[in-house]
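In: Fold the stuff below for me.
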Amino acid sequence: MAKFICTADWHIRATRPRCRTDENWIETQRNALAQIKKISVKKNAPVFVVGDLFHSNSDTSFECIQLVQSLADELGELYILAGNHDLPYHSSENINKSAIGILLNSNNIASIREFNLWVLNHGDVTCSCSNFDEVDNKDAEIVFKHTLVFPDLKSLPPNVDAITAKELLEEFPNAKWIFTGDYHRNFHYEKNGRHVVNPGCLLRQASDMKDYKCGVYYVDTDENIVEFVPIIDNESFVDDSYILKQEEREERIESFVDKLSDTKNVSLDFVDNVQKAMLENNFGFEIKTVVEELMEV
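Out: Below you'll find the predicted structure:
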């Protein structure tokens, strides 16, 4: 079988996420990939990315593609899997129209499938490797799958199309090892010597992840080792003030609507009513600007 670095959900993008304050977001991502390289070299293990290398096809510049290609060239090998964010219209049929399709046709980058073929030729084990929307081999002993999996029922949100790690093991009754992507929190679930490993997202890209511990997993299936290895991501660069500003803005707009409904001397002219309301009430410049833009005054 094998040893490797398991990671997923890099969501490489040109545009800095709203919750981040980094001066150079590209450099932040480059630094994270450099840390993966160091871990790979130290452990003497290849890197497997279980889906969502990129955030979207509309925000994947040449510079983003070059980040991943540079890592692959430095390592000499990088194994990847397509996730839902990587595939136009969430379909593997469009993979050649995507950034990940470009990478799969470049040097030193291959599908995890090709590593699976190597494993098949060097041991009596059955592997399954599926892009986001593909059919799996239900009899496989090792599974790589980009699908939304939660560690337990307690963490599974209502009305979400997802399953638990226990249910995933039941879906693949012969699998001893299942490696997943898509869920942005890392976890390792083990039951009766069977494992589900979900590495989570590489960097914090949402405001509610300030306390999240970024990292990858080093896995040795021969020695039954699953080791979490941290990735340094400065939590001070995660900012949720924009959410508070948005909430305050929405409250001011709601207040404007309430006052508008209580305004005396209402006429049949909507624009006239709005302008009267703004004159009679002390609305801030921002609210007045937004209202005038909406009315195209």
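In: Mind listing residues that contact stretch 102-120?
Out: Here stretch 102-120 makes contact (Cβ atoms under 8 Å, 6 or more residues apart in numbering) with 1-2, 4, 46, 48, 50, 53, 65, 68-69, 72-73, 75-81, 95, 125-129, 142, 144. In short, each C-beta sits where N, CA and C put it, glycine included.
In: Now with 7 Å, please.
Out: Surrounding stretch 102-120, the residues in contact under the criterion Cβ atoms under 7 Å, 6 or more residues apart in numbering are 1-2, 48, 65, 68-69, 72-73, 76-81, 125, 127, 129, 144.
In: can you map out the helices along the chain?
Out: 25-43, 62-75, 99-104, 112-121, 165-171, 241-262, 270-280, 285-295 (DSSP state H).
In: Now the fourth one: average pLDDT?
Out: Pointing back at helix 112-121 there. Mean pLDDT, helix 112-121: 64.
In: By mean pLDDT, which helix or strand of the protein comes out lowest?
Out: helix 241-262 (a mean of 55; mean pLDDT, DSSP states H and E).
In: re earlier: could you tell me which of the contacts of stretch 102-120 are located in strands?
Out: Using DSSP state E to define strands, the subset of those located there is 48, 78, 79, 80, 81, 127, 129, 144.
In: residues in contact with residue 8?
Out: Counting by Cβ under 7 Å, 6+ apart, residue 8 touches 49, 50, 51, 52, 181, 199.
In: Let's see that with 10 Å instead.
Out: Contacts for residue 8 (Cβ atoms under 10 Å, 6 or more residues apart in numbering) come out as 48-53, 80-81, 83, 144, 146, 179-184, 186, 197-202, 216-217.
In: go on, residue 201?
Out: Going by Cβ under 10 Å, 6+ apart, residue 201 touches 7-11, 52, 181-186, 209, 212, 214, 233.
In: Show me which of those residues are buried.
Out: Neighbour counting by 16 or more other Cβ atoms under 10 Å classes 7-11, 52, 181-184, 186, 209, 212, 214, 233 among these as buried.
In: Only the buried subset of the contacts of stretch 102-120, as a PyMOL command please.
Out: Applied in PyMOL, the following selects the buried portion of the contacts of stretch 102-120 according to 16+ other Cβ under 10 Å:
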select buried, resi 1+2+48+65+68+69+72+78+79+80+81+125+127+129+144
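In: follow-up on the earlier one: any chance of the ones in strands among the contacts of stretch 102-120 in a markdown table, plus pLDDT?
Out: Formatted as a markdown table, the ones in strands among the contacts of stretch 102-120 follow (pLDDT from 0 to 100):
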| residue | pLDDT |
| --- | --- |
| 48 | 95 |
| 78 | 95 |
| 79 | 94 |
| 80 | 95 |
| 81 | 93 |
| 127 | 75 |
| 129 | 82 |
| 144 | 93 |
